[in-house]
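1. what shape does this take:
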Amino acid sequence: MNDLVPTERIESKILLVRGQKVMLDRDLAELYGVPTKSLNLSVKRNLDRFPEDFMFQLSEEEYKTLRFQFETSKRGGRRYFPYAFTEHGILMLSSVLNSKRAVQVNIRIMRTFTRLRQMLATNEELRRKIEDIERKLGKYDIQFEAVFDVIERLIAPPAKEIKIGFRP
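-> Numbers count the residues shown, from 1 in each chain. Take a look at the predicted model:
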């Protein structure tokens, strides 16, 4: 079953829209091996399972941005803007699409989302550690700067002597 859908293929289909990781209806339909129209009809028959935080339709501006990003033409046959499914919406799809492939693909997608979350958590932890080190080094840098200033003054050649006082 690992050959069903490569993880890299799933990762490439995950987009960031409205601050959420989502997958578009056409990409999910392709992964599930069903026409986009069939996927959307199944969803529409079960709309109560897909609240706005599970699925939303892209705005015209979002769609234009994605189209520009993927360099697709205006002619593609779509008469409506695509639907974007969040992780929870994708999970709900497995209960709406009744096929073994849909269930297996859904498992792969959920594992991919989990792996991405773990990678982000690891990166966040690493970022925090680096910031802590920088913060600590920042304190030392100020101390070292003062020490270096003193050393520079000690080893610098004497400035031109200025005599103050009376001339003989």
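2. hmm, which helix or strand of the chain has the shakiest average pLDDT?
-> Sorting the helices and strands of the chain by mean pLDDT, DSSP states H and E puts helix 100-155 at the bottom, at a mean of 73.
3. got the contact list for L15?
-> With contact set as CB atoms under 8 Å, 6 or more residues apart in numbering, L15 has these partners: 21-24, 66, 84. For every residue, glycine as well, the C-beta is placed using N, CA and C.
4. so how far is R79 from it?
-> Noted for L15: a distance of 21 Å to R79, by CB to CB, to the nearest Å.
5. pull the most distant pair out of the contacts of L15.
-> Farthest-apart pair in the contacts of L15 is K21 and L66; separation 14.3 Å (CB to CB).
6. OK, contacts around E124?
-> By CB under 8 Å, 6+ apart, the contact list for E124 is empty.
7. ok, of the contacts of L15, which come out buried?
-> 21-24, 66, 84 (16 or more other CB atoms under 10 Å).
8. out of those, the closest to D48 would be?
-> So of the buried ones among the contacts of L15, ranked by how close each gets to D48 (CB to CB), first place is A84, at 18.5 Å.
9. does that closest one count as helix, strand or coil?
-> strand (DSSP: H, G, I helix; E, B strand; the rest coil).
10. enumerate the beta-bridge partners assigned to it.
-> A84 forms beta bridges with L24, F56, as assigned by DSSP bridges.
11. so it sits against G19, correct?
-> No - between A84 and G19 there is no contact under CB atoms under 8 Å: 11.8 Å.
12. any idea which of the buried ones among the contacts of L15 the model trusts least?
-> Lowest pLDDT among these: L66, with 79.
13. which elements pack onto the helix or strand encompassing it?
-> Using DSSP states H and E, L66 sits in helix 60-70. Counting contacts by 3 or more CB pairs under 8 Å, 6 or more residues apart in numbering; DSSP states H and E, helix 60-70 packs against no other helix or strand.
14. and that helix, what's buried?
-> Within helix 60-70, the residues scored as buried using 16+ other CB under 10 Å are 62-63, 66.
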